[in-house]
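[1] attaching a predicted model along with its sequence, questions to come.
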Amino acid sequence: MPKLERNLEETEENLAVERRFKSFALRNLSYREALKAVGRDTLIVLSAVALLLGFRRLYRVLFKGESFKSAVRDYVKRDLKEALEEASKTLFAGALYIFLRKGGIRILRSISLLKVILFVEVLSAVLKNFLSLKRGEIDGKTFLRITVAHTLLTAISLYGTSLGAMVGYHLAKELKSSPLVWSILFGFLFGIPSEWLGRKLLKLWRLI
């Protein structure tokens, strides 16, 4: 009897995991159920990125001589903001993907999650420049220069981001976990060094 109960529990767990993964692959789930999964994934990404950036700050304090006070200040002002940005991308990408897959726009019903994530990454970069222009932080001439530079930077960093997202997506399949979470997290991790490389190249070319 205990063995039967254990088998039933394992079967229920497997079905739950399978259902979670399929929430990003099937059209027959309700919007409520699918969006609840996106909400959970958003919280996971927010927590994971905040934790990773926290470890990075701690490393700088312990091994780079950064003061604890300035590390805490920068973590609150910059890193948590970055974590919120990644979480908002997760929420938007997940909601958009569910909308499209359930027939929101007929010709895009078969679009892949990776393409949606990359679209959200590009859109996020464009909006940042536009908001800087609207706030008067840059003028039109600077906006054009930055837009060209940022386009090149986006192209370079997106290579790393897309590579990371692809790795995360296929890893999620193997682990039968959420492809949205793994794609966003690995895209974030791979995007950091590729953006650093892109900035180095743009400085070398005197574009930034």
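    All right, it came through fine. Just so we're clear, the structure is a prediction, and the values are computed from it rather than from any experiment.

[2] which element is residue 156 on?
    Taking DSSP states H and E as the definition, one finds residue 156 inside helix 140-175.

[3] from residue 86, how far off is the residue nearest the centre of the chain?
    Centroid-nearest residue in the chain, with C-alpha atoms, centre = their mean: residue 184, separated by 3.1 Å. Residue 184 is 6 Å from residue 86, where distance means C-beta to C-beta, to the nearest Å. Placement of C-beta: from N, CA and C, glycine included.

[4] shared neighbours of those two, anything?
    Jointly contacting residue 184 and residue 86 under the rule C-beta atoms under 8 Å, 6 or more residues apart in numbering are residue 45.

[5] show the low-confidence segments of this structure, by residue range.
    In the prediction, the chain carries residues with pLDDT under 70 at positions 1-29, 104, 137-140, 142-143, 146-147, 150-151, 154-155, 158, 206-208.

[6] looking at it, residue 100 is touching residue 116, isn't it?
    Yes. Under the contact definition of C-beta atoms under 8 Å, residue 100 touches residue 116, with a separation of 7.0 Å.

[7] picking that back up, what sits against the residue nearest to the centre of the chain?
    Each residue near residue 184 by C-beta under 8 Å, 6+ apart is listed here: 41, 45, 86, 89-90, 93, 117, 165, 168.

[8] ok, now with 7 Å
    By C-beta atoms under 7 Å, 6 or more residues apart in numbering, the contact set of residue 184 is 45, 86, 89-90, 117.

[9] got TSV for those residues, with secondary structure, distance to residue 189 and neighbour count too?
    Output for the contacts of residue 184, formatted as TSV (DSSP: H, G, I helix; E, B strand; the rest coil; distance: C-beta to C-beta, whole Å; neighbours: other C-beta atoms under 10 Å):
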residue	secondary structure	distance to residue 189	neighbour count
45	helix	12	26
86	helix	11	23
89	helix	14	20
90	helix	14	28
117	helix	14	27
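
[10] who has more neighbours, residue 100 and residue 116?
    residue 116 (24 against 20; other C-beta atoms under 10 Å).
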